[in-house]
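# can you look at this prediction? I've put the sequence above it.
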Amino acid sequence: MSSGDNSGDYIPDTGVFAVLTVDPVACVDYLEDAEATAACALLTSKGYVVYVPGSGPLFDPCDPFREEQPYFVLQGVPRDIPDQFIEARMSIPLTPQSLTIDHPSGRQPFKISGAPFPWPNCYLSAFTQVSVRCANVLIVDPVVSELEESEQFRFICLTGDDKERREDLRYDAEEAKAQTQNPGMHTDLATVNDDIAADKADVDSADEVEEMDEQEAVAVFRGLFANQASEHLPAVKFTHDLSQVTEFNDPKGYFQELAVIAEIIKASLARKEAAKDIINQKDAARYDEKTAELLRAHQASHGPDDPVARQDNGSSLAEKLPLTASPDRGARLSRVGVCIARIKRVLHRITCRSSHTTDT
């Protein structure tokens, strides 16, 4: 992400360790709610140590925010989490390690270049990755600790293996559950999946592959930059300066902080909905008032015998006409219908003019 000059860089850089801090105010800026902003301004955020592989989406430097996908660094001894199909061995230790027991992963610790890693007995996991957004600004913030390129590649390989292992465990559990619920069925799901994949490969090879023209290639390339970081992603700040964290913070605190902000956002949205309801009620009342005013004016100018004036409380004209109507009843109904239509048009024009005057 280096800018190549002295104006600074987009941070965090690739393959580095950094400190992530939630920016509560930036998290709610999109709401444009002063009350929510004031509530978030009172919150305090801790710093959480993360590893940034640099594998997030491509970004447009002109956008105010970009998306990053860091991994939280964990401290202590990894443990099994059976309900999530995570095993203790699905982890990679970081130097330094001072544990008196062998690491559950059986893997060699990552070698960190630059300044020594400040905290002992830490490790990375493939399952601590989060998506966040940070401001697209150039900052002078030198890298302190990072993984060498070979170690960055090893991280990608090991986390890929762990994710695949987790999916295998999940699949085995689902298959065992299906066998228990349906003991009479012995369908080999793996064989079925292999057959489907083979059939798909045959279809793909049979189809002619059309070359992409220049316009299509440009459209695809632009599409890579089309999606801005979602405003609903947590807004955070990064720094390479690990000394900003004096005490290692458990990443659970990060999610607790987001839960508080989520409640503030929920309250803000509720206030907006309530305000919309009030506006709708006022609009309805204003329309009813205008309608009643026009009907009173029409009655005053045409007299109480006017067919329209004789309607009240929404009663239909048919309910008001006598059962023994004169022979020209059809003609009278036609004239009344025309009169009602004209009144409706007048009401519509007056309402539209009133709304236009109010808006301006």
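That came in fine, so what should we check first?

# pretty sure residue 63 is touching residue 231, no?
No. Using Cβ atoms under 8 Å as the test, residue 63 is too far from residue 231 to be in contact (11.3 Å). C-beta: built from backbone N, CA, C; applies to glycine.

# hmm, which helix or strand of the protein has the shakiest average pLDDT?
helix 317-320 (a mean of 44; mean pLDDT, DSSP states H and E).

# okay, the nearest residue to residue 154 once chain neighbours are set aside: pLDDT?
Using Cβ to Cβ, 6 or more residues apart in numbering and skipping the chain neighbours, the partner closest in space to residue 154 is residue 110 (7.4 Å). What the model reports as pLDDT for residue 110 is 94.

# so, low pLDDT: which residues of the stretch 101-250 of the chain?
Within the stretch 101-250 of the chain, the ranges that satisfy pLDDT under 70 run 183-212, 217-227.

# now the helices: where do they sit in it?
Under the criterion DSSP state H, counting those that start in this stretch, the stretch 101-250 of the chain carries helices at the ranges 149-181, 189-206, 214-226.

# biggest helix in this protein by residues?
For the chain, the helix with the greatest residue count under DSSP state H is helix 252-302.

# packing partners for that helix?
strand 16-22, helix 24-28, helix 34-41, helix 329-359 (3 or more Cβ pairs under 8 Å, 6 or more residues apart in numbering; DSSP states H and E).

# how about residue 245, what does it touch?
Counting by Cβ atoms under 8 Å, 6 or more residues apart in numbering, residue 245 touches 19, 47, 48, 49, 118.

# max pairwise distance over these: which two?
48 and 118 (13.7 Å; Cβ to Cβ).

# so which of those two has more stuff around it?
Neighbours were tallied for residue 48 and for residue 118 using other Cβ atoms under 10 Å; the higher tally belongs to residue 48 (24 against 16).

# so for the helix or strand hosting that one, mean pLDDT?
Per DSSP states H and E, residue 48 falls inside strand 47-52. Averaged over strand 47-52, pLDDT sits at 98.

# begin at 812 from here
Sure, I'll start numbering at 812, so the last one becomes strand 858-863.

# that strand: partners in the sheet, and parallel or antiparallel?
strand 827-833 (antiparallel), strand 882-883 (antiparallel) (DSSP bridges).

# elements contacting the next helix or strand after that strand?
Later in the chain than strand 858-863, the nearest helix or strand by DSSP H and E is strand 876-879. Applying 3+ Cβ pairs under 8 Å, 6+ apart, we find strand 876-879 packed against strand 943-946.

# can you pull out the low-pLDDT segments for the stretch 1062-1171 of the chain?
Within the stretch 1062-1171 of the chain, the stretches with pLDDT under 70 are 1109, 1113-1171.

# now with 90, please.
Counting by pLDDT under 90, the stretch 1062-1171 of the chain has low-confidence residues at 1085-1171.

# so which bits of stretch 823-833 are buried?
Neighbour-count burial for stretch 823-833, counted by 16 or more other Cβ atoms under 10 Å, picks out 823, 824, 825, 826, 827, 828, 829, 830, 831, 832, 833.

# rebuild the residues you listed as JSON lines, extending it with distance to residue 909 and pLDDT.
Listed next are the buried residues of stretch 823-833 as JSON lines, based on distance: Cβ to Cβ, whole Å; pLDDT from 0 to 100:
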{"residue": "823", "distance to residue 909": "27", "pLDDT": "93"}
{"residue": "824", "distance to residue 909": "28", "pLDDT": "93"}
{"residue": "825", "distance to residue 909": "29", "pLDDT": "93"}
{"residue": "826", "distance to residue 909": "25", "pLDDT": "96"}
{"residue": "827", "distance to residue 909": "24", "pLDDT": "97"}
{"residue": "828", "distance to residue 909": "19", "pLDDT": "98"}
{"residue": "829", "distance to residue 909": "24", "pLDDT": "98"}
{"residue": "830", "distance to residue 909": "23", "pLDDT": "98"}
{"residue": "831", "distance to residue 909": "25", "pLDDT": "98"}
{"residue": "832", "distance to residue 909": "28", "pLDDT": "98"}
{"residue": "833", "distance to residue 909": "30", "pLDDT": "98"}
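
# may I ask which two of these are separated the most?
826 and 833 (23.1 Å).

# residue 953: neighbour count?
10.

# the residue nearest to residue 965 and residue 961 touch, don't they?
No. The criterion here is Cβ under 8 Å, and residue 921 misses it with residue 961 at 10.3 Å.

# which one of the two has more residues nearby?
Taking neighbours as other Cβ under 10 Å, residue 921 and residue 961 compare with residue 921 leading, 21 against 9.

# and the more buried one, what are its bridge partners?
residue 905.

# check residue 859 too.
In this entry, residue 859 is beta-bridged to residue 831, by DSSP bridges.

# contacts only, for it.
830, 831, 832, 883, 1056, 1060, 1062, 1064, 1065.

# kindly report the same for residue 949.
Neighbouring residues of residue 949 by Cβ under 8 Å, 6+ apart: 814, 818, 819, 820, 821.

# which of those are buried, as a PyMOL select command?
Only the buried entries of the contacts of residue 949 go into this PyMOL selection, using 16+ other Cβ under 10 Å:
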select buried, resi 820+821
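
# farthest pair within the contacts of residue 949?
Distance extremes for these: the farthest pair is 818 and 821 at 10.8 Å, using Cβ to Cβ.

# pull the residues that contact stretch 909-927.
Contacts with stretch 909-927, where a contact means Cβ under 8 Å, 6+ apart, come from 828, 888-889, 898-908, 931-932, 934-935, 954-959, 962, 965-966, 969, 1053.
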